[in-house]
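Q: build me a model from this:
(one chain, ligands or ions: 1)
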Amino acid sequence: MRGRTVSNRHQCPAVGCNVSLPRHLLMCRPHWYRVPRALRAEVNDAWKAYLATCRGKHDHDTVLQALARYRAARESAIAAVNRIANAGPAP
Ligand SMILES: [Zn+2]
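A: Below you'll find the predicted structure:
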């Protein structure tokens, strides 16, 4: 088992972008700001709600629901940024 350290960094999920990011950032700044504002807000809200359920005394289903909401928001944001990136350079 060599050359495989557990990394707390990941790559920006936008197509063609290989910026390395700390785990708490979903994507690099230029890509993040291409995500529609409402979707950015939803990702942030969902993430905070998920953290809150993790900290509090919640049943497993509540935590899973919060996680599912965050994942859905994250996927939407990634899909949005890739749709915009694939549409060509910003005007
Ligand atoms: Zn990026």
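Q: now do the buried residues in stretch 67-84.
A: Counting neighbours by 16 or more other CB atoms under 10 Å, one finds that the buried residues in stretch 67-84 are 67, 69-70, 73-74, 77-78, 80-82. Glycine gets a C-beta too; all of them are placed from N, C-alpha and C.
Q: and these as TSV, adding distance to residue 16?
A: Below are these laid out as TSV (distance: CB to CB, whole Å):
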residue	distance to residue 16
67	28
69	28
70	25
73	23
74	19
77	17
78	13
80	15
81	11
82	9
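Q: show me the shaky parts of this structure.
A: Scanning the chain for pLDDT under 70 picks out 1-6, 84-91.
Q: now the helices for the chain?
A: Per DSSP state H, the chain carries helices over the ranges 29-32, 37-55, 60-86.
Q: possible to save these as TSV with distance to the ion?
A: Listed next are the helices of the chain as TSV, based on distance: least, CB to the ion, whole Å:
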stretch	distance to the ion
helix 29-32	4
helix 37-55	14
helix 60-86	8
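Q: distance to residue 7 added to the ones you listed, as a markdown table?
A: Output for the helices of the chain, formatted as a markdown table (distance: least, CB to CB, whole Å):
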| stretch | distance to residue 7 |
| --- | --- |
| helix 29-32 | 20 |
| helix 37-55 | 20 |
| helix 60-86 | 19 |
